[in-house]
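Novice: quick one: sequence and predicted model below, then my questions.
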Amino acid sequence: MKPFPYKRIVVIGTTSSGKSTLAKQIGDKFNLQFVELDALYWEENWTPAPILVFFERVEDTVEKDNWVIAGNYSSVRHIVWERAEVIVWLDYPFLIVFWRLIKRIIHRSTTKELLWGKNIERGWVHLKLWSPDSLIYWFFKSYWRRKRETPLLLEQYPHLELIHFKHPREVEEWTQKSDSHF
């Protein structure tokens with residue numbers, strides 16, 4: 001594996017795995033533009049951006065030489081991954097991520113944290129487990145599928161390096177290294 005820092009990084013993982021947190025850490029440490037795909041996708045009142053607007057926002061981001069992107073929207077994966085140098089995959093055990101998701105929903109709902117300058121998480125929406133608007137629903141729908149599909153997707157982009165973490169402890173150890181790369 002070539003030495004860090006890479007200049008175009010994508011951090012992927014299921015919802016609540018810590019993609020944004022890690023991507024922001026990497027961006028801060030290596031002076032890379034930090035971008036959340038959610039921020040490019042969501043308009044006010046949890047309205048998805050029109051697909052062409054979303055594509056344009058993503059293309060504008062990846063045209064730059066230095067960035068770290070958190071997220072893995074299938075609709076723009078070809079745009080992002082084609083330009084990326086490395087994928088950091090947060091592939092954690094089910095119970096760890098599920099517990100993080102529950103804590104996140106409670107925290108964001110009670111603090112009314114403003115997300116991407118436009119939206120506030122509504123905890124009650126997530127309690128409707130049958131609803132596609134529920135993050136809990138999305139988690140159950142996507143967790144095992146991502147574990148199966150991600151290795152197959154990576155085969156389609158042989159130019160990408162892979163940094164694969166299977167436990168948050170591995171990320172902590174990686175980010176605490178004191179040398180010039182994680």
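Specialist: On my side now, so go ahead. Numbering: from 1, shown residues only.

Novice: from here on, just use CA atoms for contacts and neighbour counts.
Specialist: Fine.

Novice: center of this protein, which residue is that?
Specialist: Nearest to the mean C-alpha position of the chain, by C-alpha atoms, centre = their mean, lies Gly71 at 2.9 Å.

Novice: next one: that residue, what pLDDT does it get?
Specialist: Listed pLDDT for Gly71 reads 96.

Novice: distance of it from Lys177?
Specialist: To Lys177, Gly71 is 24 Å away according to C-alpha to C-alpha, to the nearest Å.

Novice: repeat that for Arg169.
Specialist: Per C-alpha to C-alpha, Arg169 is found 13 Å from Lys177.

Novice: how far off centre is the helix or strand Asp38 falls within?
Specialist: Assigned by DSSP states H and E, Asp38 falls within helix 37-41. Distance, stretch centre to chain centre, for helix 37-41: 10 Å (C-alpha atoms, centre = their mean, to the nearest Å).

Novice: what is it packed up against?
Specialist: helix 51-62 (3 or more C-alpha pairs under 8 Å, 6 or more residues apart in numbering; DSSP states H and E).

Novice: list the buried residues for the helix it packs on?
Specialist: Across helix 51-62, burial judged by 16 or more other C-alpha atoms under 10 Å covers 54-55, 57-58, 61-62.

Novice: packing partners of the biggest helix by length in the chain?
Specialist: As assigned by DSSP state H, the longest helix anywhere in the chain is helix 135-155. Using 3+ C-alpha pairs under 8 Å, 6+ apart, the elements in contact with helix 135-155 are helix 94-111, helix 123-127.

Novice: let me know the secondary structure of Ile163.
Specialist: Of the three states, Ile163 takes strand under DSSP: H, G, I helix; E, B strand; the rest coil.

Novice: pretty sure it contacts Glu85?
Specialist: No - if you go by C-alpha atoms under 8 Å, Ile163 and Glu85 don't touch, sitting 11.0 Å apart.

Novice: those two: which has the busier surroundings?
Specialist: The residue with more neighbours, out of Ile163 and Glu85, is Glu85; 17 against 12, by other C-alpha atoms under 10 Å.

Novice: local confidence estimate at that one?
Specialist: 97.

Novice: touching, it and Arg8? I think so.
Specialist: Yes - the pair Glu85 / Arg8 is scored as a contact, 5.4 Å apart, by C-alpha under 8 Å.

Novice: neighbouring strands of the helix or strand hosting Ile9 in the sheet, and parallel or not?
Specialist: Assigned by DSSP H and E, Ile9 belongs to strand 8-13. Partner strands for strand 8-13, per DSSP bridges, with pairing direction: strand 67-70 (parallel), strand 86-90 (parallel).

Novice: which one of those strands is the most hemmed in?
Specialist: With neighbours defined as mean count of other C-alpha atoms under 10 Å, the strands paired with strand 8-13 peak in mean count at strand 67-70, which reaches a mean of 27.

Novice: so which bits of the helix or strand that that one is followed by are buried?
Specialist: Next in sequence after strand 67-70, counting helices and strands by DSSP H and E, comes helix 77-83. Buried positions in helix 77-83, judged by neighbour count with 16+ other C-alpha under 10 Å: 80-81, 83.
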